[in-house]
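Asks: Okay, structure incoming, though there's no sequence with it:
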């Protein structure tokens with residue numbers, strides 16, 4: 001798992017300063033976890049994402065964005081409640097999931113949103 005700043009987000013995910021329409025910059029599909037240190041559900045999600053980053057190593061990237069430190073990024077995606085996870089496939093539009101999801105729901109989203117499009121090409 002990697003923690004993103006605005007600059008690394010622009011380089012690895014989406015350069016919203018240059019592009020108005022979504023254009024994914026990454027080389028692998030990714031999940032972005034918008035969180036804050038004080039958020040209890042966010043703390044519960046972290047070990048689940050750490051497990052998934054090992055289980056899907058080499059297939060997807062998992063990034064974390066601290067909404068307190070990176071308020072501009074949180075604002076750019078209209079983050080109003082946390083945790084919020086943005087699922088970014090290599091092709092197509094990203095999908096947002098809000099709230100603490102159980103691990104099996106995250107796996108389902110990884111398989112259906114992130115990996116399904118990658119495997120059909």
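Replies: Sure, I can see it. Computed from a predicted model, the values in this text were never measured in an experiment.
Asks: Read off the pLDDT value for residue 18.
Replies: The predicted structure scores residue 18 at 88 on the pLDDT scale.
Asks: Torsion angles phi and psi at the nearest residue to residue 113 once chain neighbours are set aside?
Replies: Closest residue to residue 113 apart from its sequence neighbours, by C-beta to C-beta, 6 or more residues apart in numbering: residue 87 at 4.5 Å. From N, CA and C alone the C-beta is placed, and that goes for glycine too. Dihedral pair for residue 87: phi -100, psi 120, per degrees, to the nearest 10.
Asks: Residue 87 against residue 110, yeah?
Replies: Yes: with contacts counted by C-beta atoms under 8 Å, residue 87 reaches residue 110, the gap being 7.5 Å.
Asks: Which helix or strand contains the residue nearest the centre of the chain?
Replies: For the chain, the residue sitting closest to the mean C-alpha position, by C-alpha atoms, centre = their mean, is residue 32 at 1.5 Å. Following DSSP states H and E, one finds residue 32 within strand 30-35.
Asks: Around residue 78, how many other residues sit close by?
Replies: The number of residues packed around residue 78, counting by other C-beta atoms under 10 Å, is 8.
Asks: coming back round to it: who touches the strand holding residue 32?
Replies: Under the criterion C-beta atoms under 8 Å, 6 or more residues apart in numbering, residues 4, 12-13, 42, 45-46, 49, 52, 60-67, 73-74, 77, 79, 82-88, 106, 110, 114 lie in contact with strand 30-35.
Asks: Partner strands of that strand, with direction?
Replies: Strands adjacent to strand 30-35 in the sheet, as given by DSSP bridges, are strand 61-66 (parallel), strand 84-88 (antiparallel).
Asks: Now mean pLDDT, mean neighbour count and distance to residue 17 too, for those strands, in JSON lines please.
Replies: Formatted as JSON lines, those follow (pLDDT from 0 to 100; neighbours: other C-beta atoms under 10 Å; distance: least, C-beta to C-beta, whole Å):
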{"stretch": "strand 61-66", "mean pLDDT": "96", "mean neighbour count": "21", "distance to residue 17": "16"}
{"stretch": "strand 84-88", "mean pLDDT": "95", "mean neighbour count": "22", "distance to residue 17": "17"}
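Asks: Thank you, goodbye.
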